[in-house]
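**Student:** any chance you could fold what I've pasted below:
(chains A and B)
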Number of protein chains: 2
Amino acid sequence: MDKVRLGVVGYGNMGTSHCKNVGTGKVPNMELTAICDCSEARRDVAKENHGDVAIFDNATDLFKSGLCDVVIIATPHYDHPRLVEEAFSYGLNVITEKPAGVYTKQVLEMNEAAKNSGKLFGIMYNQRTNPVYQKVRELVQSGALGHIKRISWVITDWYRPQAYHDSSAWRSSWEKEGGGTLINQNPHQLDLWQWMFGMPDKITAFVSFGKYYDIEVEDDVTAYFEYENGTTGTYITSTGEAPGENRLEIACDMGKLIVEKSNVTFYRNVVSEREFNKENKTLFGKPECWKCDIPIKGTSEEHVGIFKNVTNALINGTELLAPGYEGINGLTISNAIHYSAWTGKTVDVKNFPHNEFYDILQEKIANSTMVKKVGETTNADTEGSY
Amino acid sequence: MDKVRLGVVGYGNMGTSHCKNVGTGKVPNMELTAICDCSEARRDVAKENHGDVAIFDNATDLFKSGLCDVVIIATPHYDHPRLVEEAFSYGLNVITEKPAGVYTKQVLEMNEAAKNSGKLFGIMYNQRTNPVYQKVRELVQSGALGHIKRISWVITDWYRPQAYHDSSAWRSSWEKEGGGTLINQNPHQLDLWQWMFGMPDKITAFVSFGKYYDIEVEDDVTAYFEYENGTTGTYITSTGEAPGENRLEIACDMGKLIVEKSNVTFYRNVVSEREFNKENKTLFGKPECWKCDIPIKGTSEEHVGIFKNVTNALINGTELLAPGYEGINGLTISNAIHYSAWTGKTVDVKNFPHNEFYDILQEKIANSTMVKKVGETTNADTEGSY
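**Tutor:** Down below sits the predicted model:
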């Protein structure tokens, strides 16, 4: 393969953005060859924007067309696993949009299908292309921080007004979206968390549903994470805070790492705190600490970066930055936060109760009394919103 | 009264500091007239430093002496309520060091005694003199922030190495100190929290005991606070982090207030987020927000400020900045955090189970197996440590 042909399934907010990126040649050696959407109105827009590309009204015809080497599934969340599995059944390589799915049970099945297909399986975790998080991951994994004591991430700069929730019939409902900010905006950070720090062992969460908006799903979350090695964590997110914040603190033996926007600052102890503590004889003693500005090289290529990486993997066999199989991890954290909030219990993440979660979600759907104010899907420019 | 005569009960770390401040004339119209300590070694040091002051080997003799108008109780925590009550019984005005006591049950009794005495009752909440927190309180109470959505305080710059815990026989044990960092360093912030934001309604907490040090009490705390009006909060503290941090974030309708060291920054929405949300029709709309540096006037007079305030109250009848009665509030939060961690339950703060807390504390004392490595009390310069 020397040129990768991309099919885009779902021409909504994200699908439109993907078609624009690939259609305008931003991804070398990848070309846009097919688009499908079940809405006639959306297909008309697609035709206008991409006259030379085959347009389908259903995914199966796109999969069968022979026009694509790889497809990206950019439909509402619930359909990701089903469509990924179907694409594999036609021998295609697949990228799924995040989240991998709405509940772990369906994603475990999808991963099994991916494994059996032997095809490339990627996930649109575009924030993994951000050199800031790549650097943090490197610092953690290289041991430069030493043992991590506490991780606190406040990620509340996902402000979404009521107009956003009202913009599509499927948004912010248990039945159609399967959750709120955990399943929509936060899959990025939940993935980055596990990518940088590994999976927590226990999760206890406090969640508000429709506190800020006329929605039935969550819009405010505080979760407490515990690791078997003693590391603790807090994860705070909300779509109801403006201006909001994105601040990640890592307290560790070697000091403190603060990540704010593209600034990474390492308050680095000259000796590890644990070593200092062993030798120190002074009541108010404290290790000497230097403020170090960590340089960040490169830029965040976001979605284009993921497409480039997939293209390179298909042509040259290089490694995927965001393997689709790893989608289960962030989703498990997300599901565990919901499950803890619903049951008032601390969740044992390694033994996550996949079936019980699924059952409660079905109850939420069955008992829903929410009537969405809109019936028609609208689309918006998503630039800068992910 | 035109001159206030102060007696200091307990010539340990804090008592020594108080004697130094008042003995060197830092508090106009207050003079140091009496000191007591049960340790001969400490009395010898007191004599050397304050040759003209009466020195007693027990509190009762000091109370009876007629040499004092007001006494400050600066003994280990457990003894505060008993000695406060005894001082009132001799008709004295009283300031207690923080915490008001170790368990709410004893502090409720102390408050009753204070009320019956009709005398002045203060508490050494010296951080209330900090113009930074006075400003935050003013901004909250004036309504300038609007409804508060979330408060997150990370106060981990209380680093205390093992040498600190080993420095006194009474430190960091259930029996002698009654707790760890919640009862020793954190009474300040727990008081400031309730002073600025009011008492939380529910508390759920996750606490590690002796995670970083060879102690039986807590050295790492993450607590989740809930208010009936929907405000949420996280309170994170530890003595095991170096360099640690002191950062207070307040997300509110009018934006976001960040307090770090002496910097107060208000990211102020031009219109309230709630108002904006009602009118806005744009999917990714967000209120315009201005970064405002809030000027902080004056300096933090700390302990000297509290002594000045008490002197002024006694001479001129002015209001107390830190009434002793309010010591119950921060202590209730502290006890609730312990109680939640011990029982794994969420605590209803308004109906705090005073007796059940006391019973569990007694069990902790009875079941303690800790043997302190030191038997002799040492003293250290505490400057900059509170």
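**Student:** which helix or which strand is home to the closest residue to A:Q127 other than its chain neighbours?
**Tutor:** Spatial nearest neighbour of A:Q127, chain neighbours left out: A:H188 (4.4 Å); criterion: CB to CB, 6 or more residues apart in numbering or on different chains. For the C-beta atoms, the positions are set from N, CA and C on the backbone; glycine is no exception. Using DSSP states H and E, A:H188 sits in helix A:187-197.
**Student:** identify the residues contacting that helix?
**Tutor:** Under the contact criterion CB atoms under 8 Å, 6 or more residues apart in numbering or on different chains, helix A:187-197 has outside partners A:98-99, A:125-128, A:133, A:136-137, A:140, A:148, A:151, A:153, A:155, A:182, A:231, A:233, A:235, A:237, A:322, A:326-327, A:329-331, A:333-334, A:386.
**Student:** of those, buried ones?
**Tutor:** A:98-99, A:125-128, A:133, A:136, A:140, A:148, A:151, A:153, A:155, A:182, A:231, A:233, A:235, A:237, A:322, A:326-327, A:329-331, A:333-334, A:386 (16 or more other CB atoms under 10 Å in any protein chain shown).
**Student:** distance of A:G7 relative to B:A205?
**Tutor:** Going from A:G7 to B:A205 by CB to CB, to the nearest Å gives 51 Å.
**Student:** kindly report the same for A:L314.
**Tutor:** 50 Å.
**Student:** now the strands for the stretch 1-150 of chain A?
**Tutor:** Assigned by DSSP state E, counting those that start in this stretch, the strands in the stretch 1-150 of chain A fall at A:4-9, A:30-36, A:54-56, A:70-73, A:93-96, A:121-123, A:148-155.
**Student:** show me what the fourth one is packed up against.
**Tutor:** Strand A:70-73 sits against strand A:4-9, helix A:80-89, strand A:93-96, with contacts defined as 3 or more CB pairs under 8 Å, 6 or more residues apart in numbering or on different chains; DSSP states H and E.
**Student:** now A:N263: closest residue in space that isn't a chain neighbour?
**Tutor:** A:D293 (7.6 Å).
**Student:** what residues does that neighbour make contact with?
**Tutor:** Counted by CB under 8 Å, 6+ apart, A:D293 has contacts A:N263, A:V264, A:T265.
**Student:** tell me what the helix or strand hosting A:F357 is packed against?
**Tutor:** Using DSSP H and E, A:F357 sits in helix A:354-366. With contacts defined as 3+ CB pairs under 8 Å, 6+ apart, the packing partners of helix A:354-366 are helix A:104-117, helix A:327-343.
**Student:** close to chain B: what parts of the stretch 1-150 of chain A are there?
**Tutor:** Selection of the stretch 1-150 of chain A residues close to chain B by CB under 8 Å from any CB of the partner chain yields A:K149, A:R150.
**Student:** from the stretch 1-150 of chain A, which residue is nearest to chain B?
**Tutor:** A:K149 (6.2 Å; CB to the nearest CB).
**Student:** OK, contacts around the closest residue to that residue other than its chain neighbours?
**Tutor:** Distances taken as CB to CB, 6+ apart put A:A251 closest to A:K149, at 4.6 Å, once the chain neighbours are dropped. Contacts for A:A251 were tallied using CB under 8 Å, 6+ apart; they are A:I148, A:K149, A:R150, A:I151, B:T156, B:S238, B:E241, B:G244, B:E245.
**Student:** okay, those residues in JSON lines with pLDDT next?
**Tutor:** Shown next, in JSON lines, are the contacts of A:A251 (pLDDT from 0 to 100):
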{"residue": "A:I148", "pLDDT": "98"}
{"residue": "A:K149", "pLDDT": "98"}
{"residue": "A:R150", "pLDDT": "98"}
{"residue": "A:I151", "pLDDT": "98"}
{"residue": "B:T156", "pLDDT": "98"}
{"residue": "B:S238", "pLDDT": "98"}
{"residue": "B:E241", "pLDDT": "98"}
{"residue": "B:G244", "pLDDT": "98"}
{"residue": "B:E245", "pLDDT": "97"}
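**Student:** looks to me like A:G233 is in a strand.
**Tutor:** Yes. Applying DSSP: H, G, I helix; E, B strand; the rest coil, one finds A:G233 inside a strand.
**Student:** please name the residues that touch the closest residue to it other than its chain neighbours.
**Tutor:** Distances taken as CB to CB, 6+ apart place A:F225 nearest to A:G233, at 3.6 Å, with adjacent residues excluded. A:F225 is in contact with A:I151, A:P200, A:K202, A:I203, A:T232, A:G233, A:T234, A:Y235, counting by CB under 8 Å, 6+ apart.
**Student:** what residues are bridge-paired with A:F225?
**Tutor:** A:I203, A:G233 (DSSP bridges).
**Student:** check what pLDDT it gets.
**Tutor:** Listed pLDDT for A:F225 reads 98.
**Student:** again with A:A169
**Tutor:** For A:A169, pLDDT reads 84.
**Student:** ok, A:T378 next?
**Tutor:** On the pLDDT scale, A:T378 gets 50.
**Student:** I'm done for today, thanks for sticking with me.
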